[in-house]
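1. give me the fold of what follows.
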Amino acid sequence: MPENFEIIRARIKDDAAVLIDRLLRTKQKNIVLVLPKNSIIAINPDSLKILKQESESVGKILFIDTENQMIKSSAEILGINNAETGFPIGNPVSAVSKSDVKMKQMMDIVPPSKPIIYETYNPPEVPDNNSDLEKNLENFYSDSNKKNVKNYFFTKKTVISFKFLVFIFIFLGIALLFSALYLALPKANIQISLKKMPIKAVLPVAVSKNIGTPNLSGNIIPGQYFSLSKSGSKIINTQDVKKETLLKSGGTIFIYNAYSSAPQKLVAQTRFETKEGKIFRIQNAIIVPGAKMVAGKLTPSSIKAEVMADAFGEEYNIGPSYFTIPGFKESPKYAGFYAKSVEPMIGKKINTEEFSKDELEKAKKELQNELAEELKNETLSTLKDSSDLKIIDGASNVRIDELQFLPPKIIMKITWQTMLFREKDLKFLVENFISSKYQGLDNLNFNDIIQYPKASKVDFKKGELFFTLDIDKENPLSVDLNALKKELSGRDENEIRSLISEKSFISSATISLWPFWVKHAPGNLNKIEIILDNK
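-> The predicted structure is shown next:
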């Protein structure tokens, strides 16, 4: 017996057409056909051949189980498998060698898997008192020793015509086709234009990194804060640039560590700022030694360093001054690290034959923007659904951490900060805001292209962004399409027009029933299509 098979138990009067239909509805590949001893299949040998051909055409393997010797003989000739042995009927099962028996005994330690049997549904027998065919079959088998079996097997009166079966199949196919067309063809296409309501509103919006879902009552949506650094360089274009010699001030400062006993490294081009806002930069990286503990008190330590003005001009020729480090602003280190100069800053001639002041500032700005744009693109590319993420004007900031001029090259390191949010969260906030202010817009779907304003305030430390959104548009009134379909279902064209005219949210409609002989909207809602004209 094959594994994972499905059984078809035939009735006495089940002919080839009935069995083929049941065969095609089976789920398993292996099919066991159980035929009663007096089955009608025994009358026509071609029936078994047709069954075998149909099973092979759909990739199924047919097995026969019957006590009828004539059916077995025909199955043997056709090469149909025996359900008991799994081999073609008539083929002997090869003997099992001793080694195979020994192997089988060892394998018997593992419990054998139980085949899964699927039995098809067998309709109940309907008694038929006038079934002469079944009586003839019973008489045939009871008197089989007295009749010429060969002649009976091929009696013309009892042979079911194969052509008749083909005719039946064609007839049923045509009937099914017309039934399907009758059910599928009726359709209703209704195009409606919704009335529009003018909307004017001012919506203050806050974006915060500290929430995960929109706060509708406070007009707050979730946001994300990013702070990234990047270094880069740019070759200054010196073509057709006027060559000149400029004065650049410089001198010596003493840098103090009154913060802690730990040393502090300062990179080249670290900025030092006077009280007047003038910037000087150290030319090389240095390490400020840690402060010392003397009699239980922290005594500042210091180190000498060379500085150069951040820009050209005589205004940088300043006297002895006090300096702070802008990079430590908003941190405890800002008060703990400082510098002093004991001599005035003196202007030195700098040969600028390869670049000018204007060209230098232009290159500096271009490199700053390029690095910031690269950081923005890199950030968005790493986030999921980046097309929905928005960074509005004023929501980003760029700080230059390091800057070196090595003509004709400029070298820069920046820190880029930004606050971003998802546009779908903002649209959800807008939909809720408008729906609460205007009647008839309970199910508003806000799909307009948003013109974003400049940020009114941004606090990177708290992770907050603020802006005001002006809304000025005409928005269609809301409609429940499924509810409208249910109302229109089954109605004729006049009833549909009357019902639509009563809807306050519809300004106009076009109704089309198809095919031309259809007079009512289909009862199936899937056959009713409502198209919204938003023009």
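
2. tell me the average confidence for stretch 53-70?
-> The average of the pLDDT scores along stretch 53-70 is 89.

3. Thr274 contacts Pro320, doesn't it?
-> No: with the criterion set as CB atoms under 8 Å, Thr274 and Pro320 do not qualify as a contacting pair; they are 10.6 Å apart. Where C-beta positions appear, they are placed from N, C-alpha and C, glycine not excepted.

4. I figured Gln191 hits Ala509, correct?
-> Yes: Gln191 is in contact with Ala509 according to CB under 8 Å; the separation is 6.7 Å.

5. now for Thr274 and Pro320: what residues contact both?
-> For the pair Thr274 and Pro320, no residue contacts each of them under the criterion CB atoms under 8 Å, 6 or more residues apart in numbering.

6. between those two, which is the more surrounded one?
-> For Thr274 against Pro320, the residue with the higher neighbour count under other CB atoms under 10 Å is Thr274, and the figures read 17 against 12.

7. what about the residue lying closest to that one once chain neighbours are set aside, how many residues nearby?
-> Using CB to CB, 6 or more residues apart in numbering and skipping the chain neighbours, the partner closest in space to Thr274 is Ser321 (4.9 Å). Counted with other CB under 10 Å, residues neighbouring Ser321 total 20.

8. what are the ranges of the helices in the stretch 401-535 of the chain?
-> Read by DSSP state H, counting those that start in this stretch, the stretch 401-535 of the chain holds these helices, from start to end of the chain: 423-437, 481-488, 493-501.

9. out of those helices, deepest packed?
-> Here the criterion is mean neighbour count by mean count of other CB atoms under 10 Å, and of the helices of the stretch 401-535 of the chain the winner is helix 423-437, at a mean of 17.

10. distance from the chain centre to it, please.
-> 24 Å (CA atoms, centre = their mean, to the nearest Å).

11. tell me what it is packed against?
-> Counting contacts by 3 or more CB pairs under 8 Å, 6 or more residues apart in numbering; DSSP states H and E, the secondary-structure elements packed against helix 423-437 are strand 196-208, strand 220-235, strand 389-390, strand 464-476.

12. okay, how far is it across stretch 209-228, tip to tip?
-> End-to-end distance of stretch 209-228: 16 Å, with CA to CA, to the nearest Å as the criterion.

13. apologies, that question was intended for stretch 289-304.
-> Length of stretch 289-304, first residue to last, CA to CA: 11 Å.

14. can you give me the buried ones in it?
-> Pro289, Gly290, Ala291, Leu298, Pro300, Ser301, Ser302, Ile303 (16 or more other CB atoms under 10 Å).

15. quick one: which two of the residues you listed are the most distant?
-> Greatest spacing in those, by CB to CB: Leu298 and Ile303 (16.6 Å).

16. to Arg9, which of the helices of the stretch 401-535 of the chain lies closest?
-> Shortest distance between Arg9 and those, using CB to CB, is found for helix 481-488: 46.4 Å.

17. pull the distance from that closest one to the chain's centre.
-> What separates the centre of helix 481-488 from the centre of its chain is 31 Å, taken as CA atoms, centre = their mean.

18. and what of stretch 47-58?
-> On the basis of CA atoms, centre = their mean, stretch 47-58 sits 46 Å off its chain's mean C-alpha point.

19. could you dump that stretch to CSV, C-alpha only?
-> Provided in CSV are the C-alpha atoms of stretch 47-58 (Å, rounded to 0.1, in the frame of the first residue of the first chain):
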residue,chain,number,x,y,z
SER,A,47,-13.0,2.6,-18.9
LEU,A,48,-9.8,1.5,-17.0
LYS,A,49,-7.7,2.8,-19.8
ILE,A,50,-9.4,6.2,-19.7
LEU,A,51,-9.0,6.3,-15.9
LYS,A,52,-5.3,5.6,-16.2
GLN,A,53,-4.8,8.3,-18.9
GLU,A,54,-6.7,10.9,-16.9
SER,A,55,-4.8,10.2,-13.7
GLU,A,56,-1.4,10.4,-15.5
SER,A,57,-2.4,13.7,-17.2
VAL,A,58,-2.8,15.4,-13.8
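
20. span of stretch 200-214 from start to end?
-> One end of stretch 200-214 to the other measures 22 Å (CA to CA).

21. quick check: which ranges of the stretch 1-150 of the chain have low pLDDT?
-> By pLDDT under 70, the weakly predicted segments of the stretch 1-150 of the chain are 1-3, 85-150.

22. meant to ask about the stretch 301-450 of the chain, not that
-> Low-confidence segments of the stretch 301-450 of the chain (pLDDT under 70): 349-356, 440-445, 447.

23. could you pull out the strands for it?
-> Secondary structure of the stretch 301-450 of the chain, counting by DSSP state E, counting those that start in this stretch: strands at 301-309, 322-324, 337-340, 346-352, 389-390, 396-406, 409-422.

24. looking at those, which is closest to Pro198?
-> Of all the strands of the stretch 301-450 of the chain, it is strand 389-390 that lies closest to Pro198, at 26.2 Å by CB to CB.

25. packing partners for that closest one?
-> Packing partners of strand 389-390 (3+ CB pairs under 8 Å, 6+ apart): strand 409-422, helix 423-437.

26. the shortest one pairs with which strands, parallel or anti?
-> This points to strand 409-422. For strand 409-422, the paired strands and their directions (DSSP bridges) read strand 220-235 (antiparallel), strand 389-390 (antiparallel), strand 396-406 (antiparallel).

27. name the residues of that strand that are buried.
-> Under the neighbour-count criterion of 16+ other CB under 10 Å, strand 409-422 has 410-422 buried.

28. same list, these, but as TSV with distance to Ala372 please.
-> Converted to TSV, these look like this (distance: CB to CB, whole Å):
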residue	distance to Ala372
Ile410	15
Ile411	16
Met412	11
Lys413	12
Ile414	7
Thr415	10
Trp416	5
Gln417	10
Thr418	9
Met419	14
Leu420	14
Phe421	19
Arg422	22
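
29. got the CA coordinates for stretch 395-406 in CSV?
-> Written as CSV, here are the backbone C-alpha positions of stretch 395-406 (Å, rounded to 0.1, in the frame of the first residue of the first chain):
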residue,chain,number,x,y,z
ALA,A,395,16.1,72.9,11.8
SER,A,396,19.9,72.3,11.2
ASN,A,397,23.1,73.8,12.5
VAL,A,398,26.7,73.5,11.3
ARG,A,399,29.6,74.2,13.6
ILE,A,400,33.3,74.4,12.3
ASP,A,401,35.4,72.5,14.8
GLU,A,402,38.7,72.6,12.9
LEU,A,403,40.0,74.8,10.0
GLN,A,404,43.4,74.8,8.3
PHE,A,405,44.6,76.8,5.3
LEU,A,406,47.4,75.0,3.4
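
30. could you dump the strands of the stretch 301-450 of the chain to CSV with distance to Phe428?
-> Written out in CSV, the entries for those read as follows (distance: least, CB to CB, whole Å):
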stretch, distance to Phe428
strand 301-309, 52
strand 322-324, 46
strand 337-340, 47
strand 346-352, 56
strand 389-390, 14
strand 396-406, 24
strand 409-422, 9
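
31. what's the closest of the ones you listed to Leu216?
-> With CB to CB as the yardstick, what comes closest out of the strands of the stretch 301-450 of the chain is strand 409-422 (15.0 Å).

32. chain center to that closest one, what's the gap?
-> A distance of 30 Å separates the C-alpha centroid of strand 409-422 from that of its chain, computed with CA atoms, centre = their mean.

33. just want the angle from it to helix 423-437.
-> With axes from the mean of the first three to the mean of the last three CA atoms, to 10 degrees as the basis, strand 409-422 and helix 423-437 are set at 40 degrees to each other.

34. quick one: strand 409-422 to strand 196-208, angle?
-> Angle of strand 409-422 versus strand 196-208, following the same axes, to 10 degrees, is 120 degrees.

35. angle of strand 409-422 against strand 464-476?
-> Here the directions of strand 409-422 and strand 464-476 differ by 50 degrees (the same axes, to 10 degrees).

36. any idea how far the closest residue to Val58 other than its chain neighbours is from Phe169?
-> Nearest-residue entry for Val58: Leu24, 6.4 Å, with adjacent residues in sequence omitted and distances by CB to CB, 6+ apart. As judged by CB to CB, to the nearest Å, Leu24 and Phe169 stand 12 Å apart.

37. that concludes my questions; thank you for your assistance.
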